[in-house]
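Undergrad: The following block contains a protein sequence and its predicted model.
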Amino acid sequence: MPRARRRSSLGRILLGTFATLVFVFLMLPLLVVFPISVSSASYLQFPPPGFSWQWYQRYLEDYAWIDATIRSFKVAALCTVLAMGLGVPLSFFLVRSRLPGVRALDRLAAAPIIVPTIILSIALYGVFAKLGLIGEWYGVAVAHAVLALPFVVILTTAGLRSFDEAQEQAAAGLGASWAVAVWRVTLPQLRPSLVSAAFLSFIASFDELVLAMFLSGASMTLPKKMFDNIMMEIDPTIAAVSVLQILLVGICLGLTALFGRGALATTITR
């Protein structure tokens, strides 16, 4: 028994060491991006010759950057609303329904994160071109919602499968309708899953580039603006924007961990 414990302890240490090395490797680019974003040089130079906030100021004073940022926030917000509005009822159906073929529909709901994004983009482009949605920010939001829907379904169904339906039955026994029981009893207990799903949907939309390249047209989102900037005009402004984007994603992940505590663990144990 002690030998088995030693093996288990050694395995955890090795796994922790490997995970730490991978994390450090993935974070190494930040050691370059952050200093460049506050560089006093007039071009990308590392190490920076001096300290300056000029590139953040240039970002804030450039209408094209601000317009792309605002558009990305609008797209991500609408994407989150659509993904949650469709994903949560679909999750209830997948978990509570006893109809045949529900398991196949459950697997189909995860298709957007299985199919390569480039294929999904081409397919949506053909559909959106016929509907006249190319170049419209809300069309990009709808496309992003398709991509974010699996996150909502996976997290919400995981929460529902760990929820005790007897609590809804007790509420119904006290005179509450099904809708009231779900609103007052079920959804509050699914808060970790719902919060995590909402933030992940927002991040998935805000950082998405491939769909935006196909569908946004001249109305650029922030990732597309960053891509065009790298292709045509490289200056440290892109580093400043990257830092701001990293900070935003970090804040969203922190809020997910704070308010959605337990949702990811429930998903893993599913």
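TA: In hand now; what should we look at?

Undergrad: Helices of the stretch 1-150 of the chain, residue ranges please.
TA: 2-27, 30-37, 54-61, 63-96, 102-109, 111-114, 117-131, 137-161 (DSSP state H, counting those that start in this stretch).

Undergrad: now, of those helices, which is deepest in the fold?
TA: Most buried of these, by mean neighbour count (mean count of other CB atoms under 10 Å): helix 137-161, with a mean of 23. Yep, even glycine has a C-beta here, placed from its N, CA and C like the rest.

Undergrad: where does this structure have low pLDDT?
TA: Applying pLDDT under 70 to the chain picks out residues 1-8, 101, 259-270.

Undergrad: quick one on the thing from earlier: how about CSV for the helices of the stretch 1-150 of the chain, with distance to residue 250 added?
TA: Shown next, in CSV, are those (distance: least, CB to CB, whole Å):
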stretch, distance to residue 250
helix 2-27, 12
helix 30-37, 11
helix 54-61, 17
helix 63-96, 15
helix 102-109, 28
helix 111-114, 22
helix 117-131, 23
helix 137-161, 18
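
Undergrad: how about the ones you listed, which one is nearest residue 177?
TA: When the helices of the stretch 1-150 of the chain are compared by CB to CB, helix 63-96 sits nearest residue 177, at 15.1 Å.

Undergrad: which secondary structure elements does the closest one contact?
TA: helix 54-61, helix 102-109, helix 137-161, helix 191-206, helix 222-232 (3 or more CB pairs under 8 Å, 6 or more residues apart in numbering; DSSP states H and E).

Undergrad: wouldn't residue 71 be in contact with residue 218 here?
TA: No - applying CB atoms under 8 Å, one finds residue 71 not in contact with residue 218, separated by 11.2 Å.

Undergrad: coming back round to it: compare the helices of the stretch 1-150 of the chain and give me the one nearest residue 182.
TA: Minimum separation from residue 182 across these (CB to CB) falls at helix 63-96, 7.8 Å.

Undergrad: what about the closest one, distance to the chain center?
TA: 10 Å (CA atoms, centre = their mean, to the nearest Å).

Undergrad: and what of stretch 165-174?
TA: Here the centre of stretch 165-174 is set off from its chain's centre by 34 Å, with CA atoms, centre = their mean.

Undergrad: In CSV, list the C-alpha atoms belonging to that stretch.
TA: Once non-C-alpha atoms are left out, stretch 165-174 reads as follows in CSV (Å, rounded to 0.1, in the frame of the first residue of the first chain):
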residue,chain,number,x,y,z
GLU,A,165,-35.2,17.1,-10.1
ALA,A,166,-37.0,16.3,-6.8
GLN,A,167,-36.5,19.9,-5.9
GLU,A,168,-38.6,21.0,-8.9
GLN,A,169,-41.2,18.4,-8.0
ALA,A,170,-41.3,19.8,-4.4
ALA,A,171,-41.9,23.3,-5.8
ALA,A,172,-44.7,22.0,-8.0
GLY,A,173,-46.2,20.3,-5.0
LEU,A,174,-46.3,23.6,-3.2
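
Undergrad: Buried residues, it. List them.
TA: Using 16 or more other CB atoms under 10 Å as the test for burial, stretch 165-174 gives 168, 171.

Undergrad: tell me the contacts of residue 72?
TA: 205, 206, 221, 222, 223 (CB atoms under 8 Å, 6 or more residues apart in numbering).

Undergrad: Now the nearest residue to the last one once chain neighbours are set aside, what are its backbone angles?
TA: If I follow you right, that is residue 223. Nearest residue to residue 223, sequence neighbours excluded (CB to CB, 6 or more residues apart in numbering): residue 209, at 4.1 Å. Dihedral angles of residue 209 (phi, psi; degrees, to the nearest 10) stand at phi -110, psi -50.

Undergrad: separation between residue 209 and residue 180?
TA: Distance of residue 209 to residue 180, given as CB to CB, to the nearest Å: 43 Å.

Undergrad: separation between residue 199 and residue 245?
TA: Taking CB to CB, one finds residue 199 at 15 Å from residue 245.

Undergrad: Comparing those two, which residue is more hemmed in?
TA: Of the pair residue 199 and residue 245, residue 199 is the one with more neighbours under other CB atoms under 10 Å, namely 22 against 17.
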